[in-house]
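# how would this look folded up:
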Amino acid sequence: MKKCWIIFIISLPIFFVSYVYSFFISSKIAYLPQSECKPEFIFKPQDVQYCSDIYPIDVFLIALQTNPISYICLLSGVYIVSFLAYIIYTNLKNRI
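Residues are numbered from 1 along each chain as shown. I've put the predicted structure just below:
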């Protein structure tokens with residue numbers, strides 16, 4: 001169990017650093033000309049007036065396409081959520 005806590009503590013900064021990277025991607029997209037940013041939209045309609053009107057899911061998918069480090073964010077986030085769910089489950093199970 002101690003190893004799981006160590007992995008949890010290590011995965012927290014990895015998740016937050018890679019999560020913050022998505023803000024940098026969205027800021028780069030916001031300043032692109034419309035001819036360059038519109039092809040990158042996946043869920044956003046093509047008739048938007050500004051490149052800054054991008055959905056967060058588009059930013060996440062563009063991050064996955066352009067930078068494979070974003071997969072680390074995804075994996076560490078899944079580990080954090082599943083570990084916390086496991087801790088809550090075992091605490092509730094021990095109380096009953």
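# what's around L75, how many residues?
For L75, the number of neighbouring residues by other CB atoms under 10 Å comes to 14. Glycine gets a C-beta too; all of them are placed from N, C-alpha and C.
# Work out for me the element it sits within.
Assigned by DSSP states H and E, L75 belongs to helix 70-95.
# what comes up buried for that helix?
Of the residues in helix 70-95, S70, I72, C73, S76, G77, Y79, I80 count as buried by neighbour count, 16 or more other CB atoms under 10 Å.
# Output the longest helix belonging to this protein.
When the chain is parsed with DSSP state H, its longest helix is helix 2-30.
# could you say what helices and strands that one packs with?
Judged by 3 or more CB pairs under 8 Å, 6 or more residues apart in numbering; DSSP states H and E, the packing partners of helix 2-30 are helix 56-66, helix 70-95.
# next SSE after it?
helix 34-37.
# returning to what we had before: looking at the longest helix of the chain now, give me its mean pLDDT.
Across helix 2-30, pLDDT averages out at 79.
# now stretch 69-82
Mean per-residue pLDDT for stretch 69-82: 85.
# cool, stretch 35-55 as well?
Rounded mean pLDDT across stretch 35-55 is 72.
# Could I get the buried residue list for it?
For stretch 35-55, by 16+ other CB under 10 Å, it's C37, E40, F41, K44, C51, I54.
# mind saving the C-alpha coords of that stretch as CSV?
Output in CSV follows, covering the C-alpha atoms of stretch 35-55 (Å, rounded to 0.1, in the frame of the first residue of the first chain):
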residue,chain,number,x,y,z
SER,A,35,-7.2,30.1,-41.8
GLU,A,36,-4.8,28.1,-39.6
CYS,A,37,-7.0,27.5,-36.6
LYS,A,38,-10.3,26.4,-38.2
PRO,A,39,-8.9,23.1,-39.6
GLU,A,40,-7.9,22.2,-36.0
PHE,A,41,-11.4,22.5,-34.7
ILE,A,42,-13.1,19.1,-34.2
PHE,A,43,-16.3,19.9,-32.3
LYS,A,44,-16.5,23.6,-32.9
PRO,A,45,-18.5,24.8,-35.8
GLN,A,46,-16.5,26.1,-38.8
ASP,A,47,-18.3,29.4,-38.8
VAL,A,48,-16.7,30.8,-35.7
GLN,A,49,-15.4,34.4,-35.9
TYR,A,50,-12.5,34.1,-33.5
CYS,A,51,-10.0,31.3,-32.9
SER,A,52,-10.3,31.9,-29.2
ASP,A,53,-13.9,30.5,-29.3
ILE,A,54,-12.6,26.9,-29.0
TYR,A,55,-14.1,24.2,-26.9
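# Fine by me, thanks again.
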